[in-house]
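[1] Sequence plus the predicted model coming up.
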Amino acid sequence: MPQHAQTTRVCRDCDGFATAAITTGTRHRDGTRATLRVTCPTCKGTGRTTPAGAVRAGR
Ligand SMILES: [Zn+2]
């Protein structure tokens with residue numbers, strides 16, 4: 001089948017960007033920005049959704 005039937009889909013919630021770095025505005029002593037890493041709760045940082053039933057491939 002020439003269809004793009006992928007078993008792994010991009011997460012709808014984060015659109016693939018599972019981890020987002022948010023600048024807090026504060027800086028560390030060395031001058032780097034302090035960022036918060038927020039992980040998408042839907043895909044848990046993988047950026048993909050796991051279709052139910054496709055988890056166990058070797059059935
Ligand atoms: Zn996600």
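    Now that the structure is in, tell me what you want to look at. Residues are numbered from 1 along each chain as shown.
[2] Spatially, what comes nearest to the residue minimising distance to the centre of the chain if we skip its sequence neighbours?
    The centroid of the chain falls nearest to residue 18 when counting by C-alpha atoms, centre = their mean (2.1 Å). Nearest residue to residue 18 in three dimensions, chain neighbours excluded: residue 47, at 3.9 Å (C-beta to C-beta, 6 or more residues apart in numbering). Every C-beta, even on glycine, is put in place using the N, C-alpha and C of the backbone.
[3] what's around the one you found, how many residues?
    Around residue 47 sit 20 other residues, with neighbours defined as other C-beta atoms under 10 Å.
[4] likewise residue 43?
    Counted with other C-beta under 10 Å, residue 43 comes out at 19.
[5] if I read this right, it contacts residue 15, doesn't it?
    No - applying C-beta atoms under 8 Å, one finds residue 43 not in contact with residue 15, separated by 10.3 Å.
[6] As a check, name the ranges of all strands in the chain.
    Listed in chain order, the strands of the chain (DSSP state E) span 9-10, 19-27, 33-39, 48-49.
[7] Among the ones you listed, which comes closest to the ion?
    With respect to the ion, and counting by C-beta to the ion, the nearest of these is strand 48-49 at 7.4 Å.
[8] For stretch 33-42, C-alpha coordinates in PDB please.
    Written as PDB, here are the backbone C-alpha positions of stretch 33-42 (Å, rounded to 0.1, in the frame of the first residue of the first chain):
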ATOM      1  CA  ARG A  33      19.200  31.900  31.000                       C
ATOM      2  CA  ALA A  34      17.200  29.700  33.400                       C
ATOM      3  CA  THR A  35      14.800  27.700  31.400                       C
ATOM      4  CA  LEU A  36      12.000  25.500  32.400                       C
ATOM      5  CA  ARG A  37      11.400  22.300  30.500                       C
ATOM      6  CA  VAL A  38       7.900  21.400  30.100                       C
ATOM      7  CA  THR A  39       7.100  18.000  28.900                       C
ATOM      8  CA  CYS A  40       3.900  17.300  27.100                       C
ATOM      9  CA  PRO A  41       1.700  15.200  29.400                       C
ATOM     10  CA  THR A  42      -0.100  13.500  26.500                       C
END
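[9] Alright, I will stop here.
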